[in-house]
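Peer 1: quick one, fold the following:
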Amino acid sequence: MTIDYQKLRQHSFADIVHDYTQKDCMLYALGTGLGHDPMDAEQLKFVYEGAPGGLQMLPSMHVVLATPGFWAKEPWTGIDWKGILHGEQRLTIHRPLPADGSVVGKLVIEDIIDKGPGKGALMYSRRDLFDRASGELISSIGSTSFCRNDGGFGGPAGPTRDPHAVPERAPDLHVDLPTLPQAALIYRLSGDYNPLHADPAVAETARFPRPILHGLCTYGVACHALLKGVLAYDASRLRQLDVRFTSPVYPGETIRTEIWREGDGQASFRCRVIERDVVVLSNGLARF
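Peer 2: The predicted model follows:
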């Protein structure tokens, strides 16, 4: 079965309602490494409901709210789901969310780019989050999926979206954050139960020596690094967070986020694993 461009492009997805609690916010933050230093009052703001000023949501948590699940696995899509890679993540925050509430997610397929037989396809999707009570738009969450085995279905060859380019000069600062050996086992409780991140046998089948960290967990670590290095832990200031995924992280490794200050409320960044000197997130853009 192959992709039917018009059918997939025009598919109407059901709205997803997601009620979340302070416990969910704390669990997400713990999964991304907040609270590693339990004496750090700035980190406690995201993992302890009794912190001065109250509990805050780590802004990257927007991307795990009101998700439709792994819908690309459904036969009607025509997608070879085993060949899908999460290529890019985008987040635009229109207003911060409280530490508990109810949101509605609305998913659309923005386009599917046919790179040709044997070259795969790019699928651009967007999920908008709305406040369930007021209907106000909260955030827009974009994703690029690389469908490695689905090229040649007869769809448009472009246009493709160019990733943000980081400066060629040395970064202005870096923030090193450790990940726990059990980080993936904690993070999966925020909704991504793919056994690749928990089961050594599944990881071996996928040719990894051990379970890997979720890409969106690494994304959350980058969010923490930007809050620490640029925003003085003021989560309300972050408005955009875009990245390209380039390599997996193994739980227990240390992630160094290299940051370029670009003025006018903008920073570029990339993340590398110190132990292997491998770039794991690239083309990062933050606006605040």
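Peer 1: from residue 283, how far out is residue 137?
Peer 2: 26 Å (Cβ to Cβ, to the nearest Å). For the C-beta atoms, the positions are set from N, CA and C on the backbone; glycine is no exception.
Peer 1: between these two, which one's more packed in?
Peer 2: The neighbour count for residue 137 versus residue 283, taken as other Cβ atoms under 10 Å, is higher for residue 283 (19 against 14).
Peer 1: so that one sits against residue 164, correct?
Peer 2: Yes: checked against Cβ atoms under 8 Å, the pair residue 283 and residue 164 is within contact range at 4.9 Å.
Peer 1: find the residues that touch each one of these two.
Peer 2: Shared contacts of residue 283 and residue 164 (Cβ atoms under 8 Å, 6 or more residues apart in numbering): residue 242.
Peer 1: phi, psi of the residue positioned nearest the centre of the chain?
Peer 2: With distances taken as Cα atoms, centre = their mean, the chain has residue 216 as the residue nearest its mean C-alpha position (3.6 Å). When read as degrees, to the nearest 10, the backbone of residue 216 gives phi -70, psi -20.
Peer 1: repeat that for residue 231.
Peer 2: Dihedral angles (degrees, to the nearest 10) for residue 231: phi -110, psi 10.
Peer 1: what's the local residue count around the residue lying closest to it once chain neighbours are set aside?
Peer 2: Leaving aside its sequence neighbours, residue 231 sits nearest to residue 237 (Cβ to Cβ, 6 or more residues apart in numbering; 5.1 Å). Residue 237 has 18 neighbours, counted by other Cβ under 10 Å.
Peer 1: return the distance of residue 237 relative to residue 225.
Peer 2: Relative to residue 225, and taking Cβ to Cβ, residue 237 is found at 15 Å.
Peer 1: repeat that for residue 36.
Peer 2: 12 Å.
Peer 1: cool, and residue 173?
Peer 2: 10 Å.
Peer 1: follow-up on the earlier one: contacts only, for the residue nearest to the residue nearest to the centre of the chain when sequence neighbours are not counted.
Peer 2: Spatial nearest neighbour of residue 216, chain neighbours left out: residue 63 (5.9 Å); criterion: Cβ to Cβ, 6+ apart. By Cβ under 8 Å, 6+ apart, the contact list for residue 63 reads 89, 91, 141, 216, 219.
Peer 1: 6 Å instead?
Peer 2: Shown in contact with residue 63 (Cβ atoms under 6 Å, 6 or more residues apart in numbering): 91, 141, 216.
Peer 1: same question, residue 178
Peer 2: residue 254.
Peer 1: what about 8 Å?
Peer 2: 33, 36, 252-255.
Peer 1: which of those tops the neighbour count?
Peer 2: Counting by other Cβ under 10 Å, top hit in the contacts of residue 178: residue 255 with 25 neighbours.
Peer 1: what sits up against the helix or strand where it lies?
Peer 2: Taking DSSP states H and E as the criterion, residue 255 maps to strand 254-261. Residues outside strand 254-261 that contact it (Cβ under 8 Å, 6+ apart): 166-167, 169, 171-179, 218, 221-222, 225-226, 229-230, 249, 267-275, 280.
Peer 1: appreciated, that's everything.
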